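**Student:** need the 3D shape of this:
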Amino acid sequence: MSRALGIAAAAALLAAGPATAAPGLMRVFIASDSTAQDYGQERYPQQGWGMMLRCAFDDGVAVDNHAMAARSSRSFIAEGRLDDIARDIRAGDTLLIQFGHNDANREKPERYAPVADYRAYLRRYIDVARRAGAKPVLLTPVTRRNFVGGHVAPSFPEYSQAVREVAAETGAPLIDLDALSGQMVERAGAEGSRAYFLPDDTHFSELGARRMADLVAAALAGLSLPVSAHVLHERPALTRASSAGDASCAAPAAVSPRSFRFAGQAQPGETVVDARRRYRDGYGFEAGSTPIFSVAAPPGNYRVTLTLGGGAASVTTVKAESRRLMLQDVRSAPGRTAERSFVVNVRDAALAPPPPNAPGATAVRLHPREADSFTWDDRLTLEFLGPAPAVRAVRIEPVDATTVFLFGDSTVTDQRWEPNASWGQMLPRFLGPQVAVANYAESGETLKSFIAELRLDKALSLMRPGDYALIQFGHNDQKAQWPQTYAAGGSIFASYLRAMIAEVRLRGATPVLVTPPERRTFTAEGRIRPTLADYAQAMRAVAEEEKVALIDLNATSVRLYQALGPQAAGLAFADGGRDATHHDAYGAYLLARAVAEGLRASGPPLAADLPPFDPDHPPAPAEVSLPASGNPPAPR
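**Tutor:** Take a look at the predicted model:
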């Protein structure tokens, strides 16, 4: 049996009816309800744990899933479904028995089974398996997402206890899925566990089905049953960090660490790179006026570890992808080396294809100016800068890291060209070395266009419990002359914000609202004239209503500009200060520092250990060393 059994194959098996076991092939039968059922692609993202259990076994086991929605231990028997299993089950097979969700429903008399009857019905399932020489395994009903005071409250305690008692009385093996799943959901937390469930808090999403199937598989492995030896020790398909978009048993492709040596004695496993080597065969330097080194890398997060110095005194700044500031002014004394590491997020524009006849697309709708950006390509790119940079070696390895997604416009995006810059591309400098920044912001974006261009879809497809999304819009949403994307601050804009918050929370991630930085428009009295007040206030109101953390960058930017004064504030903006909206490296650096301070004040444990930042006393431009990037090469 193929290890990559997707929804189409599962549907074909179901349509064909119960399978006939190949000689020597062991089967696992499932008698259960909607929480374990197989679902077709048209029901995605709903999946059942029985559907994903196929991914837990080697090729010696097949899963025959008879679970069906709305069935109880009673109605499953009444409809002849247990008889169907009895006709097909054989010696050496396993029968997994999990009911309770519908047995407890007094409003549905055809399903309802009082606890005493429930116990009797469970014994009938056990008898069917044992008469065939198969092994019955009882499972307590899987948990619902039901938090009370920070803890998951058991949904069916009487029925779970009945299962435990029947197991003890009959000697049938027990998987206490109620307890196991409840513990797992509780560890994920009230917000993080949303990614495992549909909005009804009962049925599972793809990730939830995979996690529940993994719990069942791990328990089976420890039961000393014939099937136990066939449970895979490593189950990457069930422990995926992101959704696959279907029920495939394929796991994300493994990426091996790679090490490169630019100077000094090469170590075992390192690839020596000549400074003149242009990019080819998956690594090398890009064309440009500064050293820009790229390595082929599929989408994901990568830990980059650099060995710096080793010769003369050196001062090294490192940027990644499209000028994201990762390291700033790392100094090494003569003959000494320093090791530094950080996490880089790599992505492409591809989206999982939608089902036939379903709306959607296969890629983010990029602007032409993004087509050759280092942000959206198939490689990880590093730029080495500074008055005396010295990079001796680099190691790149995939890593499981907390990801901070950035949603926004030109004041947030990874600006490609000097002297423009944004706070989003400066932010990695101020976050911890275990945190990845995935900057999805783009110039000209609004809340509406960010969704329409499928940028949100792409980010949500990769988002997982424990991640964060920083959301900042307003500059372009307020443009009534853009009728397709205009959104009034106190109404439509706020509604779109709420929808985006709900989408992020559904994935178990944490949304953080960031009010838009103000434009540099001074009054005659030397005060900043507000141009985004309606949008900043809308974000404050939504944050209060939705109990979402807020970084008030609008208010902080006003304090920064007024502290600098009408003349010096121009030094923080692009085009020599003639641009009153977009920033240069110095201005972007100050705003990123303010955002990091806001993250620390609002709770998320993301910011690096830095001294407090006072926007009323910002550092002068001469105090901020930011080597300019060599402008990216022409389109490849």
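
**Student:** quick one, what contacts Thr305?
**Tutor:** By Cβ atoms under 8 Å, 6 or more residues apart in numbering, the contact set of Thr305 is 339-341, 394-397. Using the backbone N, CA and C atoms, a C-beta is placed for each residue, glycine as well.

**Student:** strands paired with the helix or strand encompassing it, and their directions?
**Tutor:** Using DSSP states H and E, Thr305 falls within strand 300-309. The pairing partners recorded for strand 300-309 under DSSP bridges are strand 337-346 (antiparallel), strand 391-398 (antiparallel).

**Student:** ok, then the element right after it?
**Tutor:** Following strand 300-309 in sequence, per DSSP H and E, is strand 314-320.

**Student:** tell me the angle of that following strand relative to strand 337-346?
**Tutor:** 10 degrees (axes from the mean of the first three to the mean of the last three Cα atoms, to 10 degrees).

**Student:** sorry, back to before: select only the buried ones of the contacts of Thr305 in ChimeraX?
**Tutor:** Entered in ChimeraX, the line below selects the buried ones among the contacts of Thr305, by 16 or more other Cβ atoms under 10 Å:
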select :394,395,396
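
**Student:** for the contacts of Thr305, which one is nearest Ala62?
**Tutor:** Glu397 (36.6 Å; Cβ to Cβ).

**Student:** so who does the closest one touch?
**Tutor:** 255, 257-258, 302-303, 305.

**Student:** so which of the residues you listed is surrounded by the most neighbours?
**Tutor:** Counting neighbours by other Cβ atoms under 10 Å, Tyr302 leads the contacts of Glu397 with 24 neighbours.

**Student:** report the contact partners of that residue.
**Tutor:** 343-346, 380, 396-399.

**Student:** cool, and Ala195?
**Tutor:** Contacts for Ala195 (Cβ under 8 Å, 6+ apart) come out as 188, 205, 207-208, 464-465, 506-509.

**Student:** next one: Ser243
**Tutor:** Residues near Ser243 by Cβ under 8 Å, 6+ apart: 45, 205-207, 461.

**Student:** now for those: which two are most distant?
**Tutor:** The farthest-apart pair in the contacts of Ser243, when distances are taken by Cβ to Cβ, is Ser205 and Ser461, at 12.5 Å.

**Student:** picking up where we left off before, and Leu82, which of the strands paired with strand 300-309 is closest to it?
**Tutor:** Distance to Leu82, taken as Cβ to Cβ, is lowest for strand 391-398 among those, at 46.0 Å.

**Student:** strand partners (parallel or antiparallel) of the helix or strand following that closest one?
**Tutor:** Counting by DSSP H and E, the element after strand 391-398 in chain order, helix or strand, is strand 402-407. Applying DSSP bridges, strand 402-407 is found paired with strand 435-439 (parallel), strand 468-471 (parallel).

**Student:** now strand 402-407: average pLDDT?
**Tutor:** The average pLDDT within strand 402-407 is 96.

**Student:** quick one: list the elements packing against the helix or strand following it.
**Tutor:** Using DSSP H and E, the helix or strand that directly follows strand 402-407 along the chain is strand 420-421. Here strand 420-421 touches strand 583-584, helix 585-602, going by 3 or more Cβ pairs under 8 Å, 6 or more residues apart in numbering; DSSP states H and E.

**Student:** distance from strand 420-421 to the middle of the chain?
**Tutor:** How far strand 420-421 lies from its chain's middle: 28 Å, per Cα atoms, centre = their mean, to the nearest Å.

**Student:** contact partners for the residue nearest the centre of the chain?
**Tutor:** Centroid-nearest residue in the chain, with Cα atoms, centre = their mean: Met463, separated by 2.1 Å. Under the criterion of Cβ under 8 Å, 6+ apart, the neighbours of Met463 are 242, 403, 405, 469, 504, 507-509.

**Student:** report the buried members of those.
**Tutor:** The buried subset of the contacts of Met463 - by 16+ other Cβ under 10 Å - is 242, 403, 405, 469, 504, 507-509.

**Student:** ok, Val137 touching Leu174?
**Tutor:** Yes - with contact defined as Cβ atoms under 8 Å, Val137 reaches Leu174; the gap is 7.5 Å.

**Student:** neighbour count for those two, which is higher?
**Tutor:** Taking other Cβ under 10 Å, Val137 and Leu174 do not tie; Val137 has more neighbours (24 against 19).

**Student:** can you tell me how far that one is from Glu339?
**Tutor:** 50 Å (Cβ to Cβ, to the nearest Å).

**Student:** got the domain ranges for the chain?
**Tutor:** By the assignment in automatic domain parsing, the chain contains the domains 27-230, 255-400, 402-628.

**Student:** contact partners of stretch 143-158?
**Tutor:** For stretch 143-158, contacts defined as Cβ under 8 Å, 6+ apart pick out 100-101, 103-104, 115, 141, 160, 177-178, 181-183, 185-186, 190, 193-194, 196-197, 201-202.

**Student:** returning to that earlier point: Arg280: which of the contacts of Glu397 is nearest?
**Tutor:** Arg280 lies nearest to Arg258 out of these, by Cβ to Cβ, at 15.1 Å.

**Student:** so what's the nearest residue to the closest one once chain neighbours are set aside up against?
**Tutor:** Distances taken as Cβ to Cβ, 6 or more residues apart in numbering place Ile396 nearest to Arg258, at 5.2 Å, with adjacent residues excluded. For Ile396, the contact set (Cβ under 8 Å, 6+ apart) comprises 257-260, 295, 297, 302-305, 380.

**Student:** just the helices in the stretch 151-300 of the chain please.
**Tutor:** With DSSP state H, counting those that start in this stretch as the criterion, the stretch 151-300 of the chain has helices at 157-170, 177-192, 206-221.

**Student:** show me which positions of the shortest one end up buried.
**Tutor:** For helix 157-170, burial by neighbour count (16+ other Cβ under 10 Å) applies to 159-160, 162-164, 166-167, 170.

**Student:** cool, stretch 261-280 as well?
**Tutor:** So, applying 16+ other Cβ under 10 Å, buried residues of stretch 261-280: 261-263, 270, 273, 279.

**Student:** what's the next secondary structure element after the lowest-mean-pLDDT helix or strand in the chain?
**Tutor:** Within the chain, no helix or strand scores below helix 7-16, which has a mean of 30 by mean pLDDT, DSSP states H and E. Counting by DSSP H and E, the next helix or strand C-terminal to helix 7-16 is strand 26-31.

**Student:** so where is the chain shaky, pLDDT-wise?
**Tutor:** Within the chain, the segments meeting pLDDT under 70 span 1-24, 252-254, 631-636.

**Student:** same thing but 80
**Tutor:** 1-24, 191-192, 241-243, 251-255, 353-357, 371, 603-604, 631-636 (pLDDT under 80).

**Student:** if we can go back for a sec, need the domains of the chain in CSV (columns: distance to Cys249).
**Tutor:** Converted to CSV, these look like this (distance: least, Cβ to Cβ, whole Å):
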stretch, distance to Cys249
domain 27-230, 4
domain 255-400, 16
domain 402-628, 19
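
**Student:** of those, which is nearest Pro236?
**Tutor:** Nearest of the domains of the chain (Cβ to Cβ): domain 27-230, 8.8 Å.

**Student:** show me the contact partners of stretch 557-575.
**Tutor:** With Cβ under 8 Å, 6+ apart as the criterion, stretch 557-575 contacts 419-421, 517-518, 520, 522, 526-528, 530, 576-577, 579-584, 586-587, 590-591, 594, 615-618, 620-621.

**Student:** one step back: closest one to Leu431 out of the contacts of Ala195, please.
**Tutor:** Leu431 lies nearest to Ala509 out of those, by Cβ to Cβ, at 15.8 Å.

**Student:** which residue, other than its chain neighbours, is closest to the closest one?
**Tutor:** For Ala509, the closest residue by Cβ to Cβ, 6+ apart turns out to be Asp467, at 4.1 Å.
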